[in-house]
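Participant: Structural data only, the sequence is not supplied:
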């Protein structure tokens, strides 16, 4: 089991960054202990009971309400690692030194409705920690992480970033990309997630989404976002507020449907 106090995390930042550049992502195996993973699963199960059969996502302070999540998001070693990765990938230090955690869970019909939402993250570095993944064998419904890796550079202006995200992150483009994948015209990386491992990639540069899950399964992940290249802009603040509003609305809709 890997200790978060292990300085090896920071020392290997250059190797991890090289792996992301070459392969689209890198993985740190056994990032948390089996005991930590079990506690996270118990927490998700309790929260899932309050959203029966529906989607929910907790951002920021609500996500860190659980002690283990707070400990991870406030870990000095994780912060050093993500900071070093940003420096390696972006060529300069991050404007802000904060980790934004998101706890996300899809279950029931939301396993399909919340899938294939391809997007670029606002943060440059994305660290994804799977908590639960579907034990499914049907191709295309295994809850894999789908990634078109490293498809863009950091945009010079906030406006260029917003326009690009608007053109891609909409229902019409989602349908086109999903159809292209189904017809094998588009071939994203399909990353099979293992609970307890940490998956690192350039979320800002990579178009990515989660694969659908069967309605009888649950997929839960803890995501750490770090380093917004456009930090401090009004547009960035509005995008973050919109994403949090969409998560709350989707959560409320799933509760009403249940």
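Facilitator: That came in fine, so what should we check first? Quantities reported herein were computed from a predicted structural model and do not represent experimental measurements.

Participant: ok, now how distant is the residue nearest to residue 117 when sequence neighbours are not counted from residue 153?
Facilitator: Counting by Cβ to Cβ, 6 or more residues apart in numbering, the nearest residue to residue 117 once its immediate chain neighbours are dropped is residue 209, at 5.2 Å. For glycine as for every other residue, the C-beta is placed from the backbone atoms N, C-alpha and C. Note on residue 209: its distance to residue 153, by Cβ to Cβ, to the nearest Å, is 21 Å.

Participant: the more surrounded of those two?
Facilitator: residue 209 (21 against 11; other Cβ atoms under 10 Å).

Participant: Please tell me how far the helix or strand containing that one is from the chain's geometric centre.
Facilitator: Under the criterion of DSSP states H and E, residue 209 resides in strand 207-210. Put simply, strand 207-210 sits 9 Å off its chain's centre (Cα atoms, centre = their mean, to the nearest Å).

Participant: Repeat that for stretch 49-67.
Facilitator: Counting by Cα atoms, centre = their mean, stretch 49-67 comes out at 15 Å from the chain centroid.

Participant: Between the two ends of it, how far is it?
Facilitator: Stretch 49-67 has an end-to-end distance of 19 Å (Cα to Cα, to the nearest Å).

Participant: same thing with stretch 55-63?
Facilitator: For stretch 55-63, the end-to-end distance is 15 Å (Cα to Cα).

Participant: And the nearest residue to residue 70 once chain neighbours are set aside, how close does it get to residue 78?
Facilitator: Among residues not flanking residue 70 along the chain, residue 64 sits closest, at 4.1 Å (Cβ to Cβ, 6+ apart). Per Cβ to Cβ, residue 64 is found 13 Å from residue 78.

Participant: Also residue 10?
Facilitator: To residue 78, residue 10 is 10 Å away according to Cβ to Cβ.

Participant: Next: residue 14.
Facilitator: Separation of residue 14 from residue 78 (Cβ to Cβ): 17 Å.

Participant: same check, this time on residue 221
Facilitator: Distance of residue 221 to residue 78, given as Cβ to Cβ: 16 Å.

Participant: and the residue nearest to residue 70, how many residues sit next to it?
Facilitator: Residue 64 has 19 neighbours, counted by other Cβ under 10 Å.

Participant: Return the residues in contact with it.
Facilitator: By Cβ atoms under 8 Å, 6 or more residues apart in numbering, the contact set of residue 64 is 70, 73-74, 101.

Participant: CSV for the residues you listed, including distance to residue 27, pLDDT and neighbour count?
Facilitator: Output for those, formatted as CSV (distance: Cβ to Cβ, whole Å; pLDDT from 0 to 100; neighbours: other Cβ atoms under 10 Å):
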residue, distance to residue 27, pLDDT, neighbour count
70, 24, 88, 14
73, 19, 89, 19
74, 23, 88, 12
101, 19, 94, 22
